[in-house]
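Peer 1: Next come a sequence and a model predicted from it.
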Amino acid sequence: MRTTQMLMPTLREVPAEAEVVSHQLLLRAGFIRKLASGVYTYLPLAMRVLQKIERIVREEMNRQGGQELLMPIIQPAEIWLESGRWHVYGPELFRLKDRHDRDFCLGPTHEEVITLLVRGEVRSYKQMPLLLYHITNKYRDERRPRFGLMRGREFIMKDLYSFDRNEEELDVSYQKMHEAYTNVFTRCGLKFRPVEADSGAIGGSSTHEFMVLADSGEAAILYCSHCDYAANIEKASLPAAGLDAAVPPLELEQVSTPGQKSAAEVAQFFGLETSQVIKTMIYRTDKELVAALVRGDRDVNEIKLLNVLGALTVELASETEVQQATGAPTGYAGPVGLKKIRMVADHEVMALVNAVAGANQGDAHYKNVNPDRDFKPDLVADIRMVQAGESCANCGGTLEEARGIEVGQIFKLGTKYSKTLGATYLDENGKEQPIVMGCYGIGVSRTMAAAIEQNHDADGIIWPASIAPYHAVVIPVSAKDQGQMELAGDLYDQLNRLGVETILDDRAERPGVKFKDADLIGYPLRIVVGAKALSEGVVEVRQRRSGQVDLLPVDQLAEKVKEILTSL
Ligand SMILES: O=C(C[C@@H]1CCCCN1)Cn1cnc2cc(Cl)c(F)cc2c1=O
Ligand SMILES: [Mg+2]
Ligand SMILES: [Mg+2]
């Protein structure tokens, strides 16, 4: 391809609305253009990258026995009513009506569609395991689409669904996908980690997220420096410390604490560690107001709280709701005498002796609060955030924190959908059994963005060779020099003939402009054909990532370039 013929509109300036690097560079390097909020056109350079990622995904799904199909984007409401999810999802589900006024949605995922397909076609245990997948646009009406392709309202996802006879065989399918995902992200040249994750509304048992490590990642993960333990911070948990039995419980006493609100202020006021304070946070769920108790040096893990309460949504209560529930302003809420709302205490709180807590009265706290004696929570559970620096439950190593971009997630669904939708099979004894399912997603368009987040510098993108739009760009220094242009054209033809995906920058631009564009777009190799190419028969080959420059004889160029590419 020649750049004079290709639609690849690069920009000099950084578009104001782009907050993260991948969004900025995808726009500036001419990969995407916005149609609407969270809705993008992929331009030719992006298509080449997406097709490479999809090819790697297909190869790895097929290697594990996956069979590709293509399910409809538009889905009738009836199947979402049957699965009970039509009313579970709110404005995030794109809904529309057909000309007969019948309800449809644009598919955010395909559990219902695929389960109903299998319900109709699988009747015998002999037909499983079955791994079915497709790669399509998904639609989720995010309240705040942002970060370009990282959180769009229309995005490309590979979703595979596994169908097995029982949990043991689901485990086999799950492991196959775990291996397939490891291969996919390795082959895409990404640094990633599978992490234990929260299964959220989808339910089912265990689930892993595949995180591309990048400081701009929205997810916080904790990983052990010594063993392979890694978890999304939403999920990470550690065994609770035992009760400090040595200390005798003292008399409960109310103390005036004017203006002392935060756990740190209150601890300091009493000359105690923050860990000796009971932090009482009031939350509103889709069902009720609830008090969550954690130690003063911890934070509430709202995902864990949501799961423990079986709620759909959870968020901090307003000032008035706190006043209404506790009789005191925020900062003075506490468990003692709190009768109006349910109370969930973290395990660590129950291990405290002679703690300090709000007195549910302005400017007042209790000291010598002893759980069980002075208050009885409705629930005791793990509802705290684990923190970096704590010791790994697996091996005692130290937990470290990193940011990640979730590019894939695999779930064991069990019989959640097959039971609801009646997808069963006849086992060896002719007995009807529910099919056991798993579902496995990869964000294909998000993976392209994540690759940029992890591979860029001040000059632009640095594509891993395996997913680069082209392997090399040939740049004649002077478009006016007939000899250089001809030689550049020959080298371009020769490289392409030998399987090096090469683009020729034949624009009548100054070399500096071409070099800047080459670095911005991020081709792994830049081959410059200048005066020396004619006078000394050498061309300059520069590697984008390392900046290494080699002067190579023209007649060895293609072989050398192939060698360099295999080393990238
Ligand atoms: O999609 C999944 C689970 C897996 C992920 C991997 C591939 C197969 N599905 C979870 N999820 C996320 N957001 C959603 C948004 C809407 Cl509006 C919805 F109606 C449904 C869902 C929904 O079910
Ligand atoms: Mg998640
Ligand atoms: Mg997820």
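Peer 2: Alright, I've got the coordinates. Ligands and ions are numbered 1, 2, ... in the order given.

Peer 1: count of neighbours near the closest residue to A472 other than its chain neighbours?
Peer 2: For A472, ignoring the flanking residues on the chain, the nearest one in space by C-beta to C-beta, 6 or more residues apart in numbering is L525 at 4.0 Å. From N, CA and C alone the C-beta is placed, and that goes for glycine too. Residues near L525, counting by other C-beta atoms under 10 Å, number 25.

Peer 1: From ligand 1, how far out is L525?
Peer 2: 36 Å (C-beta to the nearest ligand atom, to the nearest Å).

Peer 1: Determine the three-state secondary structure at Q175.
Peer 2: Three-state call for Q175 (DSSP: H, G, I helix; E, B strand; the rest coil): helix.

Peer 1: Am I right that L116 is in contact with W80?
Peer 2: No - contact criterion C-beta atoms under 8 Å: L116 and W80 do not qualify, at 10.9 Å.

Peer 1: Any figure for the gap between the residue in the chain positioned nearest to ligand 1 and L170?
Peer 2: Of all residues in the chain, the one sitting closest to ligand 1 is G441 (2.5 Å; C-beta to the nearest ligand atom). According to C-beta to C-beta, to the nearest Å, G441 stands 16 Å off from L170.

Peer 1: Also Q268?
Peer 2: To L170, Q268 is 52 Å away according to C-beta to C-beta.

Peer 1: and what of L568?
Peer 2: Distance, L568 to L170, using C-beta to C-beta: 38 Å.

Peer 1: Compare the two (neighbour count), which wins?
Peer 2: Comparing L568 with L170 by other C-beta under 10 Å, the one with more neighbours is L170, at 24 against 17.

Peer 1: for the helix or strand that one falls within, what is the average pLDDT?
Peer 2: Here L170, judged by DSSP states H and E, is contained in helix 167-187. Helix 167-187 shows a mean pLDDT of 98 in the predicted model.

Peer 1: May I see the domains of the protein written out as residue ranges?
Peer 2: For the chain, automatic domain parsing gives the domain ranges 17-236+404-453, 253-381, 470-567.

Peer 1: want to throw these into JSON lines with distance to C392?
Peer 2: Formatted as JSON lines, the domains of the chain follow (distance: least, C-beta to C-beta, whole Å):
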{"stretch": "domain 17-236+404-453", "distance to C392": "4"}
{"stretch": "domain 253-381", "distance to C392": "17"}
{"stretch": "domain 470-567", "distance to C392": "33"}
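
Peer 1: what comes up buried for the biggest strand by length in the chain?
Peer 2: Scanning the chain for the strand with the most residues, using DSSP state E, yields strand 399-414. For strand 399-414, burial by neighbour count (16 or more other C-beta atoms under 10 Å) applies to 399, 402-414.

Peer 1: Keeping just the C-alphas, turn the helix or strand following that strand into CSV.
Peer 2: Using DSSP H and E, the helix or strand that follows strand 399-414 towards the C-terminus is helix 416-421. Only the C-alpha atoms of helix 416-421 are listed here, as CSV (Å, rounded to 0.1, in the frame of the first residue of the first chain):
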residue,chain,number,x,y,z
LYS,A,416,-28.1,-20.7,35.9
TYR,A,417,-29.3,-20.2,32.3
SER,A,418,-29.9,-23.8,31.3
LYS,A,419,-32.3,-24.2,34.3
THR,A,420,-34.1,-20.9,33.7
LEU,A,421,-34.4,-21.6,29.9
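
Peer 1: Please see if helix 416-421 touches ligand 1.
Peer 2: No - Helix 416-421 lies out of reach of ligand 1 by C-beta under 6 Å from any ligand atom, never closer than 10.3 Å.

Peer 1: what mean pLDDT does that helix have?
Peer 2: 95.

Peer 1: and if you look at stretch 109-124?
Peer 2: Mean predicted confidence for stretch 109-124 is 98.

Peer 1: How about stretch 279-286?
Peer 2: 96.

Peer 1: Show me which residues of the stretch 301-450 of the chain are close to ligand 1?
Peer 2: Residues of the stretch 301-450 of the chain lying near ligand 1 (C-beta under 6 Å from any ligand atom): Q409, F411, C439, G441.

Peer 1: now swap in the stretch 51-200 of the chain and tell me
Peer 2: Contact residues, the stretch 51-200 of the chain versus ligand 1 (C-beta under 6 Å from any ligand atom): Y89, E92, L93, P108, T109, R140, D159.

Peer 1: Whichever of these end up buried, select them in ChimeraX.
Peer 2: Typed into ChimeraX, the line below selects the buried ones among those, using 16+ other C-beta under 10 Å:
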select :89,93,108,109,140,159
